[in-house]
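J.: Structure of the sequence below:
(chains A and B)
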2 protein chains.
Amino acid sequence: MAQITTPRPAQGTLELLPREQIAFNRMADVIRRHFEAGGFLPIETPAFERTDVLLTKSGGETEKQVYFVQSTGGLANDREAVASGEEAGLPDLALRFDLTVPLARYVAQHEGRLTFPFRRFQMQRVYRGERPQRGRFREFVQCDVDIIGKDTLSVRHDAEPPATMHAIFRELDFGPFTIHLNNRRLLRGFFHSQGVTDEAQPLVLREVDKIDKRGTEWLREELTGERFGLAGEVVDAIVEFVGTRTSTHAEALEVLAGLEGRDEELDAGVAELREVLELLRHMGLPESDYCLNLAIARGLDYYTGTVYETFLDEHPELGSICSGGRYENLAGAYTKSSLPGVGMSIGLSRLFWQLMDNGMVSDEPSTVEVLVPLVADELLPEALGLATELRAAGLRVESVLEPAKMAKQFKHADRSGIRFVAVLGQRELEAGAVTVKDMVRGDQYEVPRAELAQSLRVELAQPVVTAAE
Amino acid sequence: MAQITTPRPAQGTLELLPREQIAFNRMADVIRRHFEAGGFLPIETPAFERTDVLLTKSGGETEKQVYFVQSTGGLANDREAVASGEEAGLPDLALRFDLTVPLARYVAQHEGRLTFPFRRFQMQRVYRGERPQRGRFREFVQCDVDIIGKDTLSVRHDAEPPATMHAIFRELDFGPFTIHLNNRRLLRGFFHSQGVTDEAQPLVLREVDKIDKRGTEWLREELTGERFGLAGEVVDAIVEFVGTRTSTHAEALEVLAGLEGRDEELDAGVAELREVLELLRHMGLPESDYCLNLAIARGLDYYTGTVYETFLDEHPELGSICSGGRYENLAGAYTKSSLPGVGMSIGLSRLFWQLMDNGMVSDEPSTVEVLVPLVADELLPEALGLATELRAAGLRVESVLEPAKMAKQFKHADRSGIRFVAVLGQRELEAGAVTVKDMVRGDQYEVPRAELAQSLRVELAQPVVTAAE
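T.: All right, here's what the predicted structure looks like:
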């Protein structure tokens, strides 16, 4: 007897059963469709990059999370070198930890063959060597849109990623959601106007970034404490500032107007944010779906202008489900060209897992729409012919190929989430008809065979109203 | 000045420009649509597997091509162990080298929650540490369909993968193609009937597998030579046998009938192949698109019954573009359950690269269908509103957001492969109309704004006839 290896997947990965995968794919399809509708072009990059390219810019934190890739031969050479006391460098290849570094490399590499502003979307898996824990994955799908300019990129483009993301979350329909906007120049300018030094700014910003998690009181203590030593009034102003969240478009414009005139950088940030808000309105976003939130800072040094985070209004505990911002120069590590950009990203695996965990998504019906049962063995050729007809008409069809009791075949459709069973028995064959059983509505009817595909397509396009509802 | 790292991708990967990626995605979408139409369910598995799971069954050849994955911490521990003279085992994780081993692990792991026959498709990247060379990739996309039975699986299912693949290659339209079928039992039975011993069989089969590359003469020499020492008549019979390729359904049945009655295993293979051929006919495949090819053996020991290879009739130099077969037990390494299956696979990256290399696919038009230009800066709100309207109607739209000469904006559409430019100037605004320029047909016309989306959709759904044609 051969030895059995326990079939386990790698830890920290999200592997789904088929009907969960169907639900995941439907979300991914919605995202892709709106990325395309927004005028973004698809690219894909290899899962691994050259280590020297991948780790060009990053500090120690990123490197700690990188997965290195070595072929069997590479590993053997590496070990030989180490065993003989040589200094071993990093392996040549590593798995990408985000889609931004590969985008930077891609744009720098293909610069001469791309049209700018370069509008790309990318939906691929990224890899992080994190300690496995609930909802933290070592492999997860990211869905990114970015617009990259050559030398310059108008702030007007900053309205495009949130408009596309808005269309996505509206269609995904997980309840009301709000895209929170802020601007790093506005933030920096404000702090400057409060006498917070340039050196202290990033540190204060980092503390401010924790306000949603730790609260206002904590922030006040932190900032008046030994480390920052800010005056009470300054802290009050900061606390009032970061507490600002608007609920209408007019209120947002009013808040912005109230901030103007104290600092040049602040005014520049106000002007940018005002323009983005106005464009979102022109693009038809309801004013309830976006707001100014002066507490949004985004941890990354990377961002220089507009920043975004998105929250489900009724599920703040999920945290931001889609975020991003404007950056000054995408690919300084790889090209002398100046490539400013703006983008947003959905961490789809994490979001999907959270939604499942919260009971907000569930198994979808099967992608298979029709089961063609085998009524009698001698009718197999007829059943196969029917399945072929339905497929040619664009339907998704499973054929039963082995004789089984009809009850068992219906049960198979029911358990698999296949909505229609299209029965072609001897009687139907003679009548030129097919008996359809609708497993969702629970009814049964006969349709002329020539009209079957069209009739099923009409049914599938309509919302189902069951007797129970 | 910061140092510049040359932006290079990892060697041996297929990275595409956006319009090549669009062509690739259109092929992938056709494949996915037909996999779904054929009643197959989607699954995805992580890119890496536990090394003990991945390498359970494989011999040295597979292991040589595996890429191992190590986190920074794992690598450091490994090197420390090696440096201190410890025996180092293999790293814990490795990238999958095909989709079959992950499928086996998946089915064994989730056995109790799957419905059998389990019909799955999977379109994901796999990784092989090959020496980079033209058309050989270290990362490539595979598209697999398989049907897995629990304990038994009727040979009837062997007709399903080729029927689905047929629908795919018909729609992809790379010219005439033929699915070649054979059966390993028929092969083994035939060789047995020729007195080729059980031990010699796999070796002779391996030689026979090379006939397409090395020719009949080489095979004859090899088999009568010292190594095999077969009699001349036996070799003649073998050469005639492996030279058998049919061109009609009737001829295939005739050949099969002529082989019967010499050997039990041969007869079993004949019966299986006959059933598969008959079902393909009932499924509506034209008889020109499949044939019996008794030379098809498939190198892998893995296959036990039906085997398939697919060739483009006018491009035999591409080799088999889609192959597979029947196997007795998918997951013997991971479960005591007997899981027979049948499947076929398209190596999409390789195929796409070959087609590009042969000039058989080219850049697709942009996914973006409409460019909304900016006629005058003060009309930006109107232009954004129009873009939003068109997107809501299901069109893919890029907006120009920065002022530029109209000629430059038209040129952008032209160079980007965007078909329509929808001009909303002051005049159009007052007339409630939009001027459409069709960049492909080269004509221009005015449409009432309320009818624009519908009118563009109709145009996009029709084949383009240009004046030049």
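
J.: where does chain A dip in pLDDT?
T.: Counting by pLDDT under 70, chain A contains low-confidence residues at A:1-2, A:57-60, A:299-300, A:465-469.

J.: 50 instead?
T.: A:1, A:468-469 (pLDDT under 50).

J.: so what's the residue nearest the centre of it up against?
T.: Centroid check for chain A by Cα atoms, centre = their mean gives A:Ile346 as the closest residue, at 2.4 Å. Shown in contact with A:Ile346 (Cβ atoms under 8 Å, 6 or more residues apart in numbering or on different chains): A:31, A:142-144, A:165, A:168, A:321-322. All C-beta atoms are positioned from the backbone trio N, CA, C, and that covers glycine.

J.: Kindly report the same for A:His166.
T.: The contact partners of A:His166, by Cβ under 8 Å, 6+ apart, come to A:179, A:285, A:289-290.

J.: out of those, which is most surrounded?
T.: Taking other Cβ atoms under 10 Å in any protein chain shown as the neighbour criterion, A:Tyr290 ranks highest of these with 26 neighbours.

J.: For the closest residue to that residue other than its chain neighbours, I want the exact helix or strand it lies within.
T.: In space, and not counting its chain neighbours, A:Tyr290 is closest to A:Ile179: 4.5 Å by Cβ to Cβ, 6 or more residues apart in numbering or on different chains. For A:Ile179, the host element (DSSP states H and E) is strand A:177-183.

J.: Show me which residues of the stretch 301-450 of chain A sit near chain B.
T.: A:331-336, A:366-368, A:380-381, A:384-385, A:387-388, A:391-392, A:394-399, A:401-402, A:412, A:415-416 (Cβ under 8 Å from any Cβ of the partner chain).

J.: residues near the nearest residue to A:Glu369 once chain neighbours are set aside, how many?
T.: Take A:Glu369 and drop its neighbours on the chain: the residue closest to it by Cβ to Cβ, 6+ apart is A:Arg396, 4.7 Å away. Neighbour count of A:Arg396, defined by other Cβ under 10 Å: 22.

J.: ok now do A:Arg396, which residues does it touch?
T.: A:367-370, B:36-39.

J.: Can you tell me which of those end up in helices?
T.: Members of the contacts of A:Arg396 lying in helices (criterion: DSSP state H): B:36-37.

J.: Adding neighbour count and distance to B:Ala376, write the contacts of A:Arg396 out as CSV.
T.: What follows is those, written out as CSV (neighbours: other Cβ atoms under 10 Å in any protein chain shown; distance: Cβ to Cβ, whole Å):
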residue, neighbour count, distance to B:Ala376
A:Thr367, 23, 48
A:Val368, 24, 53
A:Glu369, 23, 49
A:Val370, 25, 53
B:Glu36, 23, 47
B:Ala37, 23, 48
B:Gly38, 25, 53
B:Gly39, 28, 54
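
J.: nearest to A:Arg298, of the contacts of A:Arg396?
T.: Distance to A:Arg298 across these (Cβ to Cβ) is lowest for A:Thr367, with 37.8 Å.

J.: measure the closest one to A:Leu41 for me?
T.: Distance, A:Thr367 to A:Leu41, by Cβ to Cβ, to the nearest Å: 27 Å.

J.: And for A:Gly385?
T.: Counting by Cβ to Cβ, the separation of A:Gly385 from A:Leu41 is 42 Å.

J.: now do A:Ala431
T.: Counting by Cβ to Cβ, the gap from A:Ala431 to A:Leu41 is 52 Å.

J.: which of the two has more neighbours?
T.: Shown here are A:Ala431 and A:Leu41; by other Cβ under 10 Å, A:Leu41 has more neighbours (25 against 13).

J.: Contacts only, for the nearest residue to A:Met360 once chain neighbours are set aside.
T.: Leaving aside its chain neighbours, A:Met360 sits nearest to A:Phe174 (5.9 Å; criterion: Cβ to Cβ, 6+ apart). Applying Cβ under 8 Å, 6+ apart, we find A:Phe174 in contact with A:312, A:315, A:355, A:360.

J.: rerun that using 7 Å as the cut-off
T.: Each residue near A:Phe174 by Cβ atoms under 7 Å, 6 or more residues apart in numbering or on different chains is listed here: A:312, A:355, A:360.

J.: And A:Leu355, by the same measure?
T.: A:174, A:361.

J.: May I have the phi/psi pair for it?
T.: According to degrees, to the nearest 10, the main-chain angles of A:Leu355 amount to phi -70, psi -40.

J.: The strand holding A:Ile179 pairs with which strands, parallel or anti?
T.: When sheet partners are counted by DSSP bridges, strand A:177-183 sits next to strand A:290-292 (parallel), strand A:303-312 (antiparallel).

J.: what is the orientation angle of the helix or strand hosting A:Arg26 with helix B:18-37?
T.: A:Arg26 is part of helix A:18-37 when elements are defined by DSSP H and E. Relative orientation of helix A:18-37 versus helix B:18-37 (axes from the mean of the first three to the mean of the last three Cα atoms, to 10 degrees): 150 degrees.

J.: Pull out the buried positions in helix A:18-37.
T.: Buried residues in helix A:18-37, defined by neighbour count with 16 or more other Cβ atoms under 10 Å in any protein chain shown: A:18-25, A:27-28, A:30-32, A:34-37.

J.: those helices in the stretch 251-400 of chain A, which residues are they?
T.: For the stretch 251-400 of chain A, helices defined by DSSP state H, counting those that start in this stretch occupy the ranges A:264-282, A:348-357, A:380-392.

J.: Which of the residues in the second one are classified as buried?
T.: Looking back up the chat, that one is helix A:348-357. A:348-356.

J.: CA atoms of that helix as PDB?
T.: Extracted C-alpha coordinates of helix A:348-357, given in PDB (Å, rounded to 0.1, in the frame of the first residue of the first chain):
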ATOM      1  CA  LEU A 348     -10.000  41.400  -2.900                       C
ATOM      2  CA  SER A 349      -9.100  38.200  -1.000                       C
ATOM      3  CA  ARG A 350      -9.200  39.900   2.300                       C
ATOM      4  CA  LEU A 351     -12.500  41.700   1.500                       C
ATOM      5  CA  PHE A 352     -14.100  38.500   0.200                       C
ATOM      6  CA  TRP A 353     -13.000  36.600   3.300                       C
ATOM      7  CA  GLN A 354     -14.300  39.400   5.600                       C
ATOM      8  CA  LEU A 355     -17.700  39.400   3.800                       C
ATOM      9  CA  MET A 356     -17.900  35.600   4.000                       C
ATOM     10  CA  ASP A 357     -17.000  35.700   7.700                       C
END
